[in-house]
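Engineer: below is the sequence, then the predicted model.
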Amino acid sequence: MIILGEFITLKENKDFRRLYARGRSYASGILVIYVMKNRCGKVRIGITASKKTGKAVLRNRSRRIIKEACYSISDDLKSGYDFVFVARSKTPFVKSYDILRVMKKELKEAGVLK
């Protein structure tokens, strides 16, 4: 795990698979979010973009704009949750404020915003 700002990042494959299996998912056309309560009491995030998203430049752009949106709403997140953000094929072609809008909507639906 790496600490990035206020987040602890998920890097291990087992952590991602645990969220895929046991977490609740919230999907839209440009982003999928998996949410699950954790025991450490801190916010942990993981960001992934598959090869379906595009080549390396597009995958990196997807991860970058998702990370920026996470930083924007970091103060509004309840602590004690794990999040995995999955980029979709449309993600690299939208602006960061569109990602932020969708992310807020899905996290509000999940009940993890303060």
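Structural biologist: Okay, I see it.
Engineer: and the strands in the protein, which stretches?
Structural biologist: 2-4, 7-9, 24-27, 31-37, 44-48, 81-87 (DSSP state E).
Engineer: so which of these gets nearest K55?
Structural biologist: Taking C-beta to C-beta, strand 81-87 is the member of the strands of the chain nearest to K55, at 13.1 Å. Where you see a C-beta, it was placed from the backbone N, CA and C, and this is true even at glycine.
Engineer: quick one: list the elements packing against the longest helix along the chain.
Structural biologist: Counting by DSSP state H, the longest helix found in the chain is helix 56-72. Helices and strands touching helix 56-72, by 3 or more C-beta pairs under 8 Å, 6 or more residues apart in numbering; DSSP states H and E, are strand 44-48, strand 81-87, helix 96-110.
Engineer: tell me which of these sits most buried.
Structural biologist: strand 81-87 (a mean of 23; mean count of other C-beta atoms under 10 Å).
Engineer: give me the sheet partners of it and which way each runs.
Structural biologist: Sheet pairing of strand 81-87 (DSSP bridges) gives strand 31-37 (antiparallel), strand 44-48 (parallel).
Engineer: what would the strands of the chain look like in JSON lines with distance to D75?
Structural biologist: Listed next are the strands of the chain as JSON lines, based on distance: least, C-beta to C-beta, whole Å:
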{"stretch": "strand 2-4", "distance to D75": "15"}
{"stretch": "strand 7-9", "distance to D75": "12"}
{"stretch": "strand 24-27", "distance to D75": "20"}
{"stretch": "strand 31-37", "distance to D75": "18"}
{"stretch": "strand 44-48", "distance to D75": "14"}
{"stretch": "strand 81-87", "distance to D75": "14"}
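Engineer: what about N60, distance to K11?
Structural biologist: Between N60 and K11 the computed distance is 16 Å (C-beta to C-beta, to the nearest Å).
Engineer: and those two? which has more neighbours close in?
Structural biologist: N60 (14 against 10; other C-beta atoms under 10 Å).
Engineer: now the farthest one out in the protein, which residue is it?
Structural biologist: K55 (19.8 Å; C-alpha atoms, centre = their mean).
Engineer: phi, psi for it please.
Structural biologist: phi -70, psi -180 (degrees, to the nearest 10).
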